[in-house]
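Asker: here's my sequence, what's the structure:
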Amino acid sequence: MNKFQEMQAFTAVVDNGSFVAAADALKASKAAVSRQVADLEQRLGTRLLNRTTRKLSLTDEGQLFYIRCTDLLNGLAEAESELSQRSGEPSGHLRINAPVTFGISHLAPLWGRFLQQHPKVSMEVSLSDRTVDLVEDGFDLAVRISRAPHPTFIARKLTTTTMVLCASPGYLKQHGTPERPQDLADHNVVSYTYWSSKDEWEFTGPGGKKDVVRTRPRLHANSGDTCIAAALQDQGIVMQPDFLVHDALRDGRLVPLLEDYRTTELGVYAIYTSRRQLPLKLRFLIDFLVDAFQNPVWRSEE
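Answerer: Numbers count the residues shown, from 1 in each chain. This is a model prediction of the structure:
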């Protein structure tokens, strides 16, 4: 069976929530879709979907493979769209949602350049750290920062960001420097409210051993900027993305901690609802963002 057809069948099952709905979307029989997914799992030597009588769910391997499949299929769809619309000029209105700090620091400087390149396009940018519903809230695209994008939508990875554990020199002088993850349980920490693991911070040691530490935050905030401001005022240890702390680390206002331990790496994704008949204005925007983050500033300045 053709690898492309197998990937199409697999992503259709995930996107539509069942083999029956996937078969309808692909205009194929349920048996054909089931066979293609089974052949794919056999060829890869791993289970991609957990199947019960009531629901389907992705395995960890399935989640990773789904992301790669959607990237490949999306790239093919965009290539076909580009060929068919080469002479077209993007026009119309775009509604975009993005996280507050990332939106201000790293996206805001890009919008003017995009609008200059495409004078027939207008934009509305909404910043919020709350996860919006693209369909209900009427957004064409959202920029999201997460371990993996939700399988309901199509995702194009723009770049990555790594969580950095750090504190101010003043705090460390008063309270000492943690030497291992478990020491954090006895330190003041400043925690980001929307962090998916809440107050449990995860580290991977030099030997590959994972440590999960239950912290006791002195301050919770739903703004990364607020967390950083508190850390700069010697109020505790923070774990924040490198795109947010790179300036303070470079200037010495914050000091990195436990550098022998790996923290979480997150993807920065452009999220949209469908790869089919992607509007020209949206395709140009996605390509623009991918190009803009080829060499993100928080790594180029290291």
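
Asker: helix, strand, or coil at Met239?
Answerer: strand (DSSP: H, G, I helix; E, B strand; the rest coil).

Asker: Tyr66 now?
Answerer: helix.

Asker: test my guess that it contacts His150.
Answerer: No. Applying Cβ atoms under 8 Å as the test, Tyr66 and His150 come out as separate, 10.5 Å apart. Heads up, the C-betas are built off the backbone N, CA and C, glycines and all.

Asker: with neighbour numbers in mind, choose between these two.
Answerer: Tyr66 (24 against 11; other Cβ atoms under 10 Å).

Asker: between the helix or strand hosting Arg250 and strand 237-241, how big is the angle?
Answerer: Assigned by DSSP states H and E, Arg250 belongs to helix 242-251. On the basis of axes from the mean of the first three to the mean of the last three Cα atoms, to 10 degrees, helix 242-251 is oriented at 120 degrees to strand 237-241.

Asker: show me what helix 242-251 is packed against.
Answerer: Counting contacts by 3 or more Cβ pairs under 8 Å, 6 or more residues apart in numbering; DSSP states H and E, helix 242-251 is packed against helix 100-102, strand 154-167, helix 224-232, helix 297-300.

Asker: can I get these in JSON lines with distance to Val245?
Answerer: Shown next, in JSON lines, are those (distance: least, Cβ to Cβ, whole Å):
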{"stretch": "helix 100-102", "distance to Val245": "11"}
{"stretch": "strand 154-167", "distance to Val245": "5"}
{"stretch": "helix 224-232", "distance to Val245": "6"}
{"stretch": "helix 297-300", "distance to Val245": "9"}
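
Asker: assign Arg47 to helix, strand or coil.
Answerer: coil.

Asker: quick one, phi/psi of it?
Answerer: For Arg47, the backbone dihedrals (degrees, to the nearest 10) come out as phi -80, psi 130.

Asker: list the contacts for it?
Answerer: By Cβ atoms under 8 Å, 6 or more residues apart in numbering, Arg47 lies in contact with Glu41, Thr59, Glu61, Gly62.

Asker: again, but for Val190
Answerer: Contacts of Val190 by Cβ under 8 Å, 6+ apart are Pro217, Arg218, Leu219, Ala221, Cys227, Ala230, Ala231, Gln235, Gly236, Ile237, Val238.
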